[in-house]
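In: Please find the sequence and the predicted model below.
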Amino acid sequence: MFAIQPTSYGGRGCFASCDIPRGTLVHIASTPFTSVIFRDFRKEVCAYCLAYDLGRTWKVRLRGPETAGMWFCSEECRDRWVKEEDPSRELVPVLEVIEQAVALARRKLQNSKVTEYDEDFVHDDFTFQTEAIESLWKHIDSLVMSTSEIDNPLRNPALKNRVLALEDIEYDSARLVAVAIVRLYLESHNTAIVPWFSWNGFADLESHESDLINRLSALLESHIRVFVFLKAVMPHKFQPFVTIANVRAVLGREAANAFGIWQLPLSSESECLGSSIFPSGSYFNHSCDPNLIKTRIGREMHFTTSRAVREGEEICISYGMMVTMPVQARQDLLQEQWYFRCGCERCMAELGSEA
C-alpha cells in the first residue's frame with residue numbers, strides 16, 4: 001500500500017504505491033521496540049494495554065517476588081505481557097535489577113554521612129562542543145574500565161551510591177535503554193522471538209542526540225549517568241552490549257522518533273504517561289495538513305488515512321496537536337521539539353501570505 005523512499009527534501013518517507021481511499025488502515029505498529037511508562041505514572045498505567053483511569057492504582061503485579069516496576073489492570077494483561085513481550089524470560093530480571101539497584105542506592109545515599117563530593121561528570125566550564133562531548137565520552141569509558149577506587153565512580157562507595165540513585169528522568173531513560181539492549185542481545189543470539197523488527201531497523205532511524213544536548217545541555221550529564229548505571233547493574237551476559245555507542249543510539253533516536261503514550265481520549269488536557277519507539281511508524285513524516293491519522297489502540301499504533309491519497313503522494317502524520325495553531329507557532333514548536341522547520345505545502349502557502 002505504501003513504500004519507504006527518499007524524499008525531495010532529504011531523508012526518507014512513506015509514499016502511496018496505489019490510490020488509497022479515505023478511512024483506510026494502512027499500517028499497524030503492533031508493539032514498541034522499546035518503551036517506558038514514566039515513574040510518576042507506573043502504578044497507574046497498565047504495563048500491557050496502557051490503560052489509565054485518572055490516577056487509579058492498578059493492583060496486579062508479576063508473580064513471585066519480582067515486580068520489575070510494572071503494574072497491570074488485570075491478570076490477563078499481565079499474562080499477555082509475559083507471553084508477548086518477554087517470552088525468553090530475559091527482560092523481567094533486568095528490569096527487576098534496575099528497580100532494586102535504584103531503591104537500594106537511594107536508601108544508602110539518604111543514610112550516608114557524606115554531604116559533599118564531586119558528583120558531576122559534566123563540569124560548569126564544559127563547552128558542549130562536538131569535540132568536547134566526544135572526548136568526555138571517551139573519558140567516561142576509561143573511568144568505568146579503571147581499577148582505581150579514586151577514578152572509577154563504581155569503585156568509590158560514596159560516588160557509586162550517587163550514580164546508582166538515579167533521578168526519575170534518568171531512571172526512565174535507563175529502563176528505555178535496558179529494554180533495547182535486551183532486544184539486541186536476543187537478536188544477536190538468533191532467537192526468533194522478536195519478529196516485528198530488528199536492531200538494525202531501529203538504528204536506521206535518525207539520531208538527534210546533538211540537537212537534544214544543544215537544547216537541553218543538562219541531559220548530557222543524565223545520559224552519562226544512565227550509561228554508568230547500566231554498566232554497574234546489567235547482568236554479565238548483557239555487558240558486551242552496554243556500550244556508549246548503543247546507549248547513545250537509543251537516547252539519540254528517542255529524542256525525535258518516540259511516540260508519546262498519551263492519556264486517552266486524546267485532548268489538549270491529556271497527560272503524557274510515557275514514551276515508546278515504533279521504528280516502522282517513525283517513517284511517516286510530518287505535515288501540517290496531514291493525510292494520515294495516528295491513533296493508539298491499547299499498546300498498538302494505528303495509522304489511518306484521513307482523506308483519499310493519490311498514488312505516489314507522500315503519506316504524512318501530524319507530530320503533535322498543532323494543526324489549529326498559527327503557522328509561526330507551528331514552525332517554532334517543530335523546531336524546538338523535533339529540530340526542523342516545516343516545509344509542507346500548507347506552511348509554504350501561509351508563510352508566503354504573511355510575507
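Out: Happy to help now that I have it.
In: Span of stretch 6-22 from start to end?
Out: 24 Å (C-alpha to C-alpha, to the nearest Å).
In: brain fart, stretch 292-302
Out: 10 Å.
In: what's the spacing between it and its chain's center?
Out: In terms of C-alpha atoms, centre = their mean, to the nearest Å, the centre of stretch 292-302 is set 17 Å apart from its chain centre.
In: Now do the buried residues in that stretch.
Out: Buried residues in stretch 292-302, counted by 16 or more other C-beta atoms under 10 Å: 292, 294, 296, 299, 301-302. Just so you know, the C-beta spots here come from the backbone N, C-alpha and C atoms, and that holds for glycine as well.
In: now stretch 313-331
Out: For stretch 313-331, by 16+ other C-beta under 10 Å, it's 314-319, 322, 327, 330-331.
In: what does stretch 210-218 give?
Out: Neighbour-count burial for stretch 210-218 flags 211-213 (criterion: 16+ other C-beta under 10 Å).
In: Those residues into TSV, with extra columns for distance to residue 128, pLDDT and secondary structure?
Out: Formatted as TSV, these follow (distance: C-beta to C-beta, whole Å; pLDDT from 0 to 100; DSSP: H, G, I helix; E, B strand; the rest coil):
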residue	distance to residue 128	pLDDT	secondary structure
211	12	94	helix
212	12	94	helix
213	7	95	helix
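In: ok, how many other residues are close to the closest residue to residue 152 other than its chain neighbours?
Out: Nearest residue to residue 152, sequence neighbours excluded (C-beta to C-beta, 6 or more residues apart in numbering): residue 146, at 4.3 Å. For residue 146, the neighbour count with other C-beta atoms under 10 Å is 14.
In: Can you pull the phi and psi angles for residue 146?
Out: phi -70, psi 150 (degrees, to the nearest 10).
In: Could you check how far it is from residue 156?
Out: 10 Å (C-beta to C-beta, to the nearest Å).
In: Using the three-state scheme, assign the nearest residue to residue 126 once chain neighbours are set aside.
Out: Once flanking residues are discounted, residue 126 sits nearest to residue 132: 6.5 Å by C-beta to C-beta, 6+ apart. Recorded secondary structure, residue 132: helix (DSSP: H, G, I helix; E, B strand; the rest coil).
In: looking just at contacts, which helices and strands does the helix or strand harbouring residue 104 meet?
Out: Assigned by DSSP states H and E, residue 104 belongs to helix 91-111. In terms of contacts (3 or more C-beta pairs under 8 Å, 6 or more residues apart in numbering; DSSP states H and E), helix 91-111 is packed against helix 157-164, helix 168-188, helix 218-233.
In: do you know which of those lies nearest residue 109?
Out: Between residue 109 and the helices and strands packed on helix 91-111, the shortest gap by C-beta to C-beta is with helix 157-164, which sits at 4.5 Å.
In: And the closest one, what's buried?
Out: Those would be 158-164, for helix 157-164 by 16+ other C-beta under 10 Å.
In: Can you check what pLDDT the model gives the nearest residue to residue 175 once chain neighbours are set aside?
Out: Leaving aside its sequence neighbours, residue 175 sits nearest to residue 36 (C-beta to C-beta, 6+ apart; 4.7 Å). On pLDDT, residue 36 comes in at 97.
In: Next up, the contacts around residue 36.
Out: Residue 36 is in contact with 172-173, 175-176, 179, 274-276, counting by C-beta atoms under 8 Å, 6 or more residues apart in numbering.
In: what separates it from residue 271, distance-wise?
Out: 15 Å.
In: Show me the domain layout of this protein.
Out: 2-30+278-354, 34-42+54-257 (automatic domain parsing).
In: Among those, which comes closest to residue 266?
Out: That would be domain 2-30+278-354 among the domains of the chain, by C-beta to C-beta, at 7.5 Å.
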